[in-house]
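>>> Predicted structure and sequence below. I'll ask about it afterward.
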Amino acid sequence: MGYHKRQIDTEAYMTLKQKVATLLTEKELEYKDLAAAIGVSQASLSRSLSTGGIRVDSLAKIADRLNVTMDSLLSD
């Protein structure tokens, strides 16, 4: 099995990172809670959101944990 990454342009991944941060705040969660829920380290989650190199399955888990759709995370 290979890794499936979706490379996100700079403007979009900042939006993704901001959306995740906003949703975490709304749900009174922290990055460490989200990282544990999706099975990655906090450092790995932060790096993925910062670089825009995030696996599709990880993005799906993030959306599921935050109770939103993947489309809503990626849309403007």
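Everything's here; your move. Numbers count the residues shown, from 1 in each chain.

>>> shaky segments in the chain?
1-14, 76 (pLDDT under 70).

>>> At which residues are the helices of it located?
With DSSP state H, the ranges of helices along the chain come out as 10-26, 31-38, 42-51, 56-66, 70-74.

>>> could those helices go into JSON lines alongside mean neighbour count?
Bear in mind the C-beta positions are built from the backbone N, C-alpha and C, glycine included. Below are those laid out as JSON lines (neighbours: other Cβ atoms under 10 Å):
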{"stretch": "helix 10-26", "mean neighbour count": "15"}
{"stretch": "helix 31-38", "mean neighbour count": "16"}
{"stretch": "helix 42-51", "mean neighbour count": "16"}
{"stretch": "helix 56-66", "mean neighbour count": "17"}
{"stretch": "helix 70-74", "mean neighbour count": "14"}
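
>>> which residues touch Ala60?
Each residue near Ala60 by Cβ atoms under 8 Å, 6 or more residues apart in numbering is listed here: Met70.
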